[in-house]
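Trainee: Any chance you could fold what I've pasted below:
(one chain, ligands or ions: 1)
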Amino acid sequence: MTNRLLNDKSFPYCPGCGHGLILKALDAAFQALDLDPLNAVIVSDIGCCGLIDALVNSHTVHGLHGRSTALAQGIAMAAAGSGKKVIAVLGDGGASIGLQHILTAARWNVEMLVILHNNMVYGMTGGQRSALSPPNLRADGGPQPLDVCALAAAAGAQRVIRRFADDDLTAAFIELLKTRGCSLIEVLETCPSHGLRKYPELRQAAVYPPIDAVGSFPIFTPGVRQTPSLLDEIPAVPSKFTSSLQRQLQVTVAGSAGEGVQSAGEIAALAAMRCGLEVQKRGEYPITVGNGFSLVHLTFSPQPICYADALDPDIILAVSEEGWKKVKSRIRPGARLLADAELQIEQGGMEQPAFRRVGGAKGAALAALVYWGERTKIIPFEAFNAAVSSHRLGKILQPLLEKSRGAWFGDA
Ligand code: SF4
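Mentor: Numbering: from 1, shown residues only. Reported below is the predicted structural model:
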């Protein structure tokens, strides 16, 4: 076991950035307390301080801007009593966006540490003012900065302190890592590249008053779960069929929204499980759900799937023009393409079965998966049949499946 939080990568920060001082002090605190970094989860979000993921030997989670505290709170609540150290890292931009999450973590007083890197600007995006910027950054003045420390203390955090980056942060971290309940440290620092360059006023005395508050609110303790796990409600999928698959394989079905692509993927996943395969399924579609392309990425494997990268599929089943446009740049050498007969594609050695004519717009994806699965014997037709029979959409999908059987393999 190492008690070094930091790995040997060099910091990606600009010269003079305070983020490195904070990380070094946190590392020193881990060593002083002999903490195992693998017993820690560091949750970050967008901003230069969010570059921490690659620099530490601990578990890391990276979230949306301003959401690291919310993610960390969920992890801390789930891990309560396990001894795991959960640390949320965010900047003043993230704190501006996600202030409610900080107050909620404080109010619940969940055992976690929030490290607020306050360089008083959005550093990564060029020095825009945040809600924690002092008023003198505007020529016409501006509102007083949010005092996140005071707010967190009022909301119920167990321990809240404010320090400068060149203070003895190691001592502060040692104390906070031993604190039960929610603790927050706001470290005042500078962003030389965008903060100081853009606003020389930041060199003047900070407007933030010192704070060192100890809370007296109840500390979160995990309750006994009264409801069964949702996983308990999912019946096990019986394995009754055999598959010819020998190695992990990634299949992408590329179609259009509203044409049953995701449902077809679900059926194929269930059918594969009925053949004893491990499966991972992931959907990909535009934010305007219901319009445009719809892709389903399926990873099948006879062994446990440890990592799946569906952007690099082995097999592409293109069933609509929109789907084809989306995936055509992803075809790597050696990948196999099966495209609907109606698609105008100039590529030698490619099969073009009539997926849309057989399945119709709503059944083309299923027809393509059945065609590929049965022909390769990776997912035999019987497995599709069993998956459809027990599926909630079985009544709708069964006729589509029968059409595929008739077209591809005869009605017998
Ligand atoms: S842009 Fe600013 S906050 Fe980001 S690394 Fe550089 S100095 Fe630090």
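Trainee: only C-alpha atoms for contact and neighbour calcs from this point on.
Mentor: Fine.
Trainee: so residue 189 sits right up against residue 163, yeah?
Mentor: No - Residue 189 is beyond contact range of residue 163, at 9.0 Å (criterion: CA atoms under 8 Å).
Trainee: Helices of the protein, start to end?
Mentor: For the chain, the helices defined by DSSP state H cover 19-32, 68-78, 92-97, 99-108, 148-155, 169-177, 197-198, 261-273, 321-327, 355-376, 381-389, 394-409.
Trainee: now these in JSON lines, with mean pLDDT?
Mentor: Output for the helices of the chain, formatted as JSON lines (pLDDT from 0 to 100):
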{"stretch": "helix 19-32", "mean pLDDT": "98"}
{"stretch": "helix 68-78", "mean pLDDT": "97"}
{"stretch": "helix 92-97", "mean pLDDT": "97"}
{"stretch": "helix 99-108", "mean pLDDT": "98"}
{"stretch": "helix 148-155", "mean pLDDT": "97"}
{"stretch": "helix 169-177", "mean pLDDT": "97"}
{"stretch": "helix 197-198", "mean pLDDT": "88"}
{"stretch": "helix 261-273", "mean pLDDT": "97"}
{"stretch": "helix 321-327", "mean pLDDT": "96"}
{"stretch": "helix 355-376", "mean pLDDT": "96"}
{"stretch": "helix 381-389", "mean pLDDT": "97"}
{"stretch": "helix 394-409", "mean pLDDT": "92"}
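Trainee: Same list, those helices, but as a markdown table with mean neighbour count please.
Mentor: Putting those into a markdown table (neighbours: other CA atoms under 10 Å) gives the following:
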| stretch | mean neighbour count |
| --- | --- |
| helix 19-32 | 20 |
| helix 68-78 | 22 |
| helix 92-97 | 24 |
| helix 99-108 | 23 |
| helix 148-155 | 22 |
| helix 169-177 | 19 |
| helix 197-198 | 14 |
| helix 261-273 | 25 |
| helix 321-327 | 19 |
| helix 355-376 | 22 |
| helix 381-389 | 21 |
| helix 394-409 | 17 |
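Trainee: Which of residue 189 and residue 163 has more residues huddled nearby?
Mentor: Using other CA atoms under 10 Å as the criterion, residue 189 and residue 163 rank with residue 189 on top: 22 against 18.
Trainee: Neighbours of the residue lying closest to the more buried one once chain neighbours are set aside, how many?
Mentor: In space, and not counting its chain neighbours, residue 189 is closest to residue 119: 4.7 Å by CA to CA, 6 or more residues apart in numbering. Neighbour count for residue 119, taken as other CA under 10 Å: 29.
Trainee: Once you drop chain neighbours, what's closest to residue 272?
Mentor: Sequence neighbours aside, residue 379 is the residue nearest to residue 272 in space, at 5.7 Å (criterion: CA to CA, 6+ apart).
Trainee: wait, isn't the one you found in contact with residue 271?
Mentor: Yes - with contact defined as CA under 8 Å, residue 379 reaches residue 271; the gap is 6.7 Å.
Trainee: Residue 342 versus residue 317, what's the distance?
Mentor: The gap separating residue 317 from residue 342 is 13 Å, by CA to CA, to the nearest Å.
Trainee: the more surrounded of these two?
Mentor: Per other CA under 10 Å, whichever of residue 317 and residue 342 has more neighbours is residue 317, with 28 against 15.
Trainee: Tell me who's in contact with the residue of the stretch 51-200 of the chain found nearest the ligand.
Mentor: Distances between the stretch 51-200 of the chain and the ligand by CA to the nearest ligand atom are smallest at residue 191, namely 3.8 Å. By CA atoms under 8 Å, 6 or more residues apart in numbering, the residues touching residue 191 are 16-18, 119, 121, 123.
Trainee: Can you tell me how far it is from residue 95?
Mentor: Here the distance between residue 191 and residue 95 works out to 16 Å (CA to CA).
Trainee: cool, residue 313 as well?
Mentor: Distance check for residue 313 against residue 95: by CA to CA, it reads 39 Å.
Trainee: now residue 312
Mentor: To residue 95, residue 312 is 37 Å away according to CA to CA.
Trainee: go on, residue 277?
Mentor: 44 Å.
Trainee: repeat for residue 72
Mentor: Using CA to CA, residue 72 is found at 14 Å from residue 95.
Trainee: One more: residue 324?
Mentor: When residue 324 is compared with residue 95 (using CA to CA), they lie 42 Å apart.
Trainee: mind checking the end-to-end distance for stretch 71-86?
Mentor: Stretch 71-86 has an end-to-end distance of 10 Å (CA to CA).
Trainee: my bad, should have said stretch 115-133
Mentor: End-to-end distance for stretch 115-133, by CA to CA: 17 Å.
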